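Student: I would like the atomic coordinates for the input below:
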Amino acid sequence: MDNLTHSLVGAVLGQAGLKRTTGLAVPALIIGANLPDGCRKPCSRPVELSVDEIRCAVTAFAQLGLWKVRLTGGEPSLRRDFEDVARAVAGVPGIRRVAVTTNGYRLAQRAQVWRDAGINAINVSVDSLDPARFAAITRHDRLAEVLDGIEAAGAAGFDSVKLNAVLTREVNDDEMAAMVDFVRARDPSLSFIEVMRTNDNAAFFRDRHIAGQSVIDRLEAAGWHRLPRAPCAGSAVELGHPDAKGRIGSSRPMQEISAPVATGCGCHRTGGCICACSAMAAAICAHCFPPMIRSR
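Tutor: This next block holds a predicted model:
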């Protein structure tokens, strides 16, 4: 293990409250490898790791028990060699799940290519099913493209296709029933995500936050029932319905999750996952690493 990789492993394990040893007391760690195409922070050195450096870092963590990697952003597919990164990560021995969180704008054209590159789970951000509202929220009138991408992902054979929606009072909370109906008739799952309280959004949080438990209560009242937790499934409570194809989850903010937390599956988690900028590039751009630890 080279010095850079050794430093990255030590930094991430330190954030998880673990000591670096020849092995871990838990069988799996989940690491989100953030893939911005460059870094906006005032850093004198480049932040982007090469494909080989990402492969090296993931290999080091796989040797410690890592089996799932999530490629995030910003929008990870903006990276020029995104598919090479995915292929490299998927080819690391021991990696069983490569997931991507995307805005879905390129999904209709690239779904099969991404699946062939080894990606087997897709999360798509969809905060509204109304075209005008979607455009207002995202500043892009591209809901139709995103929905086409979701259909393409289903046809491409991903193990998991999940929609993420941040449910916000007086913004899109009146669409909860429509979103539930959408997955009731389709295979993709849906995850309602709570607005997270931060140091600079106190007023917004007070006015817009919707508690995840209230979402769960509404779903259970409508006949949805809690499902057994899948291995390393994160913080979401997942529910199913006998008449629905898809599943629905409700994810809590990171602050409400004790860290580290050992779930029933034996995975070690900090707020659901351990994340780092540009595949744990803390040693290259110190400005990027702490925000990613806090926000994922």
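Student: could you pull up phi and psi at S125?
Tutor: Backbone torsions for S125, taken as degrees, to the nearest 10, come to phi -80, psi 120.
Student: quick one, what contacts it?
Tutor: Contacts for S125 (CB atoms under 8 Å, 6 or more residues apart in numbering) come out as T101, T102, N103, G104, L163, N164, A165. All C-beta atoms are positioned from the backbone trio N, CA, C, and that covers glycine.
Student: would you mind measuring from it to I54?
Tutor: From S125 over to I54 the distance is 23 Å, taken as CB to CB, to the nearest Å.
Student: ok so, going back, which pair of the contacts of S125 spans the longest distance?
Tutor: Pairwise distances across the contacts of S125 (CB to CB) peak at 14.3 Å, for the pair T102 and A165.
Student: neighbour count: these two, which is higher?
Tutor: Set side by side, T102 and A165 show more neighbours around T102, with 26 against 20, by other CB atoms under 10 Å.
Student: name the nearest residue to V124, ignoring sequence neighbours.
Tutor: If the residues on either side of it in the chain are set aside, V124 comes closest to G104, at 4.2 Å by CB to CB, 6 or more residues apart in numbering.
Student: hang on, I meant G118
Tutor: Once flanking residues are discounted, G118 sits nearest to A90: 2.4 Å by CB to CB, 6+ apart.
Student: which residues touch the closest residue to A135 other than its chain neighbours?
Tutor: Take A135 and drop its neighbours on the chain: the residue closest to it by CB to CB, 6+ apart is D141, 4.1 Å away. D141 makes contacts with P131, F134, A135, as judged by CB under 8 Å, 6+ apart.
Student: inside helices: which ones of these?
Tutor: Among the contacts of D141, DSSP state H puts P131, F134, A135 in helices.
Student: just curious, which of the residues you listed is nearest to A121?
Tutor: Nearest to A121 among those, counting by CB to CB, is F134 at 23.1 Å.
Student: model confidence over stretch 54-62, on average?
Tutor: Averaged across stretch 54-62, the pLDDT comes to 86.
Student: where does the protein dip in pLDDT?
Tutor: Applying pLDDT under 70 to the chain flags the ranges 1-47, 231-235, 252-296.
Student: let's go with 80 and repeat that
Tutor: The model of the chain has pLDDT under 80 over residues 1-49, 73-74, 229-236, 252-296.
Student: show me where it has its helices.
Tutor: Using DSSP H, helices in the chain cover 3-15, 51-62, 82-90, 107-116, 131-138, 143-156, 176-184, 202-208, 212-221, 289-295.
Student: got a list of contacts for the third one?
Tutor: This means helix 82-90. For helix 82-90, using CB under 8 Å, 6+ apart, the contacting residues are 33, 35, 51-52, 54-55, 58, 69, 71, 76, 79, 95, 98, 100, 110, 113-114, 117-120.
Student: ok, the longest one next?
Tutor: Contacts with helix 143-156, where a contact means CB under 8 Å, 6+ apart, come from 103-109, 111-112, 114-115, 122, 124, 126, 128-131, 134-135, 161, 163, 186-188.
Student: let's have the helices of the chain in CSV, adding distance to A230 and mean neighbour count.
Tutor: Formatted as CSV, the helices of the chain follow (distance: least, CB to CB, whole Å; neighbours: other CB atoms under 10 Å):
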stretch, distance to A230, mean neighbour count
helix 3-15, 23, 17
helix 51-62, 20, 21
helix 82-90, 20, 21
helix 107-116, 20, 18
helix 131-138, 29, 15
helix 143-156, 19, 19
helix 176-184, 17, 16
helix 202-208, 30, 12
helix 212-221, 17, 16
helix 289-295, 24, 17
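Student: now those in CSV, with distance to H241?
Tutor: CSV is the format used below for the helices of the chain (distance: least, CB to CB, whole Å):
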stretch, distance to H241
helix 3-15, 37
helix 51-62, 37
helix 82-90, 33
helix 107-116, 26
helix 131-138, 25
helix 143-156, 19
helix 176-184, 7
helix 202-208, 27
helix 212-221, 8
helix 289-295, 32
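Student: and V237, which of the ones you listed is closest to it?
Tutor: helix 212-221 (5.8 Å).
Student: how about the CA coordinates for the closest one, as CSV?
Tutor: What follows is helix 212-221, C-alpha atoms only, in CSV (Å, rounded to 0.1, in the frame of the first residue of the first chain):
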residue,chain,number,x,y,z
GLY,A,212,-39.6,11.3,8.4
GLN,A,213,-41.7,9.7,11.1
SER,A,214,-44.8,11.6,9.9
VAL,A,215,-44.2,10.2,6.4
ILE,A,216,-43.9,6.6,7.8
ASP,A,217,-47.1,7.2,9.8
ARG,A,218,-49.0,8.2,6.7
LEU,A,219,-47.7,5.3,4.7
GLU,A,220,-48.6,2.8,7.4
ALA,A,221,-52.0,4.3,7.7
